[in-house]
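K.L.:
I'd like to go over a predicted model; first the sequence, then the structure.
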Amino acid sequence: MGYRVRIAVGADAMGQFFIDYLPLVVFIAMILAVGLWHAWEFRLKPLSIPKAKINAIVDDLIARHGPDAEDWARGYEEEQWYRSDTYEQGKWRRVRRELWRRYHAGEWE
């Protein structure tokens, strides 16, 4: 009538934990994987775009739209958000940051 309690120690305890809570472990792993993928696509991958290309896009926006260049860049970024293209969204975010840098440095009105 007594209950037998298995006391696991060391690696066996951790393995038993993963077996007992496998759905929870898989769910947490999926959340982490999606978070890492999003960080790569939105933050890190756009950093591989050469600064010269970002500057060329900024120069073109300023030439075409003048003081409204930041609004246009925001619109392009929002459009990519609706299309779920995180890489392009990150690219336009970099363009907007360069526009703001130039604005605060007095290089653009």
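P.N.:
Nice, thanks for sending it over.

K.L.:
the helix or strand hosting residue 103 - contacts with which helices or strands?
P.N.:
Using DSSP states H and E, residue 103 falls within helix 86-104. Applying 3 or more Cβ pairs under 8 Å, 6 or more residues apart in numbering; DSSP states H and E, one finds that helix 86-104 makes contact with helix 51-65, helix 69-82. For every residue, glycine as well, the C-beta is placed using N, CA and C.

K.L.:
angle of the first one against helix 69-82?
P.N.:
Computed by axes from the mean of the first three to the mean of the last three Cα atoms, to 10 degrees, the angle separating helix 51-65 from helix 69-82 equals 110 degrees.

K.L.:
burial count for residue 49?
P.N.:
15 (other Cβ atoms under 10 Å).

K.L.:
local confidence estimate at the spatially closest residue to residue 89 that is not a sequence neighbour?
P.N.:
Spatially, and ignoring its direct neighbours in sequence, residue 89 is nearest to residue 80 (4.1 Å; Cβ to Cβ, 6 or more residues apart in numbering). At residue 80, the model reports a pLDDT of 93.
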